[in-house]
Every structure is written in structure tokens, then in C-alpha cells.
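**Student:** from the sequence below, what's the structure:
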Amino acid sequence: MQKIPLQLARPDMVLAKPVARDNGMVLVAAGTKLTESLISKLGNMGVEEVAVQGDALGMGDGCGAEALAKKQERLEHLFRNFKEDKYMQRVKGLVADYYARKCALAAAQAAQGGGE
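**Tutor:** Predicted structure coming up:
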């Protein structure tokens, strides 16, 4: 399970937890497969994040140079409308740094495990 911002949610992701309002009213049940329409409706209702099944951001095994480049390309796409916003560019940089560190850690753990 991974909690992600609604902006990163994609069709065919499956909710791991129900989406509920602050008063506890369930909007969407756990186990529901997301669609473009549902993601849009949740955004219109002010939902900011959802918990989805699996490793939604793909930080599992794909940490090679090619996978890291794809993640960077995706970040460029997601932040394309914020080129002049220094705060959003800072957020983009932090996420890119997170990806790089996560991959470096995975590589170090793999090397450590492979040497034993």
C-alpha cells in the first residue's frame, strides 16, 4: 500500500483504503479500480491523496539508469506548468533527489547482499 497525491493517481490503480470525507462518510470503497472520471470527481470534491495497492510510484526494482531517466522525464512532465514557480521547482528537485537516493540505497543493498 502506498499513499499518493491525487495528481499522481492513474486509471487502473486500485484503492487500498476507502476514500472518506472528514466526517467519515465513505466516498469510494477500498478495492475500487480508479478511472479518469473517478479521479477527476475526487479532485472536484477536494480529495488530495489516496491510498493505493502496491508500489504505485514504481520504486521497487526499477532503479537502473534507464528507470531513473524515465522517472526524471515523468517529473518534467508533471511540473511542466510550474517552470516559473520557484517553490514547485524546489519540490520537483526534492522528489528527484529522493528517487536518486532511493536507487542508490537499493544498489548499495544489492551490492552488499551479492558480496556475501
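**Student:** what's the average pLDDT for stretch 68-79?
**Tutor:** The average of the pLDDT scores along stretch 68-79 is 88.
**Student:** which residues in this structure form strands?
**Tutor:** 2-5, 19-20, 26-28, 49-52 (DSSP state E).
**Student:** the first one pairs with which strands?
**Tutor:** Paired with strand 2-5 in the same sheet, following DSSP bridges, are strand 49-52 (antiparallel).
**Student:** buried set for the strand it pairs with?
**Tutor:** Using 16 or more other Cβ atoms under 10 Å as the test for burial, strand 49-52 gives Val50, Val52. Where you see a C-beta, it was placed from the backbone N, CA and C, and this is true even at glycine.
**Student:** low-confidence ranges, the protein, go.
**Tutor:** Applying pLDDT under 70 to the chain flags residues 55-65, 107-116.
**Student:** for it, longest helix please?
**Tutor:** helix 86-114 (DSSP state H).
**Student:** what residues does stretch 6-21 touch?
**Tutor:** Stretch 6-21 has contacts (Cβ atoms under 8 Å, 6 or more residues apart in numbering) with 1-2, 26-36, 39, 42-43, 45, 47-54, 56-57, 78.
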